[in-house]
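Participant: model the following, please.
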Amino acid sequence: MKAFLIDRYGKQPGRLGEVPAPAVGAHDVLIEVHASSVNVLDSKISSGEFKLILPYAFPLVLGNDLAGVVREVGSKVTRFQPGDEVYARPPETRIGTFAELIAVNENAIALKPATTSMAQAASLPLVALTAWQVLVKTARLQKGQKVLIHAGSGGVGTVAIQLAKHLGAFVATTTSTANVEWVKALGADVVIDYKKQHFESVLHSYDVVLNSLGADVLKKSLKVLKPGGQLISISGPPTAQFAKEQGLSWPLQQVMCLLSLGIRHKARKQDVSYTFVFMRANGAQLQHITALVEAGIIKPVLDRVFTFDSTAEALKYVEQGRAKGKVVISIK
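Facilitator: Have a look, this model is predicted:
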């Protein structure tokens, strides 16, 4: 089958090639991929940034999102059948959605929202699950609370704003001048133009911050939180708790502990908590997202759709950090 893959870690762009069709285990669902989407995670995996915590074998097929049609099910699969239209973020140990076929454990899959195209559905799993696991599962965001969502025009930001508003929160976000009115239309109550304002000087007494940016923004975010607030980062630094959950060795757990020591210490001094969230595949949670999409509460936001032959170009485009919403690859 045709797939987009890398042969080693580094800055090489990757290539289209032929790889064997995947084997289908007892609990697996074989999916014909119609569309996938590009995430910053794909570039980080390709460069080797996660090689200590996610040791992959080569050649490695990239891709962390999919929408497609079930072609075959394993002997113990009970919730799906051939012909079902589904979407998923595969478990991190079995990525590879930039391909014509992929086998995914049924626990990671949900039925595709009936109201979306394949491209729209493919844009959702990773970012929507990230928003859900940060705001619903970790922050336990409540009606009337105040949340700052950084990078509101990005993939996670566009979904997180919509989800936070649905949960009844007051939402602030950061973006560039060109996107201010656009993210307001998504539901943000306050929009900070980072080219003109310093968010830490404007925002105060927030309950939750969702950070997807660098260390400098992470530290400044502490200033907007009230005592008891939660600083939740999806871009690091990772913690020893994450390393333990990931099953990493004791030495690596200590490394993660040291990496996050500074921000955890600063957070404690201000009586707030710091949590690193590494999104996990979860079909049951994705089914909740399906319901919200079908109800019109969460709307997929697409920036551009690339052909399968232009996957390397799509990755380069996402790396530039200027996409509004998600970038999708049409595979079938």
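
Participant: isn't residue 145 right up against residue 225?
Facilitator: No: the criterion here is Cβ atoms under 8 Å, and residue 145 misses it with residue 225 at 11.6 Å. No exception for glycine: its C-beta is placed from N, CA and C like everyone else's.

Participant: between these two, which contacts overlap?
Facilitator: Both residue 145 and residue 225 are in contact with 207-208, where contact means Cβ atoms under 8 Å, 6 or more residues apart in numbering.

Participant: more neighbours: which of the two?
Facilitator: Neighbour count, other Cβ atoms under 10 Å: between residue 145 and residue 225, residue 225 has more, with 24 against 20.

Participant: so that one bridges to which residues?
Facilitator: Beta-bridge partners of residue 225, counted by DSSP bridges, are residue 206.

Participant: and the gap between it and residue 140?
Facilitator: 15 Å (Cβ to Cβ, to the nearest Å).

Participant: so where do the strands sit in the stretch 51-200 of the chain?
Facilitator: 60-61, 66-73, 85-88, 101-105, 109-111, 146-149, 170-175, 190-193 (DSSP state E, counting those that start in this stretch).

Participant: list just the one of those that sits closest to residue 270.
Facilitator: Taking Cβ to Cβ, strand 146-149 is the member of the strands of the stretch 51-200 of the chain nearest to residue 270, at 14.9 Å.

Participant: list the neighbouring strands of the closest one plus their orientation.
Facilitator: Strands that pair with strand 146-149, judged by DSSP bridges, come out as strand 170-175 (parallel), strand 206-211 (parallel).

Participant: what is the mean pLDDT for the first one?
Facilitator: Spelled out, that is strand 170-175. Strand 170-175 shows a mean pLDDT of 98.

Participant: what lies in contact with it?
Facilitator: 144-153, 157, 161, 164-165, 182-183, 187-194, 199, 203, 206.

Participant: report pLDDT for the residue located most distally from the centre of the chain.
Facilitator: In the chain, counting by Cα atoms, centre = their mean, residue 75 sits farthest out from the average C-alpha position, at 30.5 Å. pLDDT, the model's per-residue confidence, is 98 for residue 75.

Participant: also residue 49?
Facilitator: In this model, residue 49 is scored at 89, pLDDT.

Participant: for residue 296, grab phi and psi.
Facilitator: phi 80, psi 10 (degrees, to the nearest 10).

Participant: how about it, nearest residue that isn't a chain neighbour?
Facilitator: Leaving aside its sequence neighbours, residue 296 sits nearest to residue 115 (Cβ to Cβ, 6 or more residues apart in numbering; 7.7 Å).

Participant: residue 261 versus the one you found, what's the distance?
Facilitator: 46 Å.

Participant: including distance to residue 299, could the strands of the stretch 51-200 of the chain go into TSV?
Facilitator: Formatted as TSV, the strands of the stretch 51-200 of the chain follow (distance: least, Cβ to Cβ, whole Å):
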stretch	distance to residue 299
strand 60-61	30
strand 66-73	16
strand 85-88	15
strand 101-105	25
strand 109-111	17
strand 146-149	16
strand 170-175	15
strand 190-193	18
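
Participant: about what we covered before: what's the closest of the strands paired with strand 146-149 to residue 69?
Facilitator: For those, the distance to residue 69 is smallest for strand 206-211, at 33.2 Å, taking Cβ to Cβ.

Participant: may I have the closest one as CSV, with CA atoms only?
Facilitator: In CSV, the C-alpha atoms belonging to strand 206-211 read as follows (Å, rounded to 0.1, in the frame of the first residue of the first chain):
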residue,chain,number,x,y,z
TYR,A,206,-8.1,33.1,36.1
ASP,A,207,-8.9,29.5,37.1
VAL,A,208,-7.3,27.6,34.3
VAL,A,209,-4.6,28.2,31.6
LEU,A,210,-4.2,25.9,28.7
ASN,A,211,-0.7,26.3,27.4
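
Participant: immediately after it, which helix or strand?
Facilitator: Under the assignment DSSP states H and E, the closest C-terminal helix or strand after strand 206-211 is helix 215-221.

Participant: packing partners of that following helix?
Facilitator: Contacting helix 215-221 under the criterion 3 or more Cβ pairs under 8 Å, 6 or more residues apart in numbering; DSSP states H and E are the following elements: helix 199-202, strand 206-211, strand 225-233, helix 261-269.

Participant: list the buried residues of that helix.
Facilitator: Neighbour-count burial for helix 215-221 flags 217-221 (criterion: 16 or more other Cβ atoms under 10 Å).

Participant: do the same with stretch 278-293
Facilitator: So for stretch 278-293, counting by 16+ other Cβ under 10 Å, buried means 278-279, 281-283, 285-286, 289-290, 292-293.
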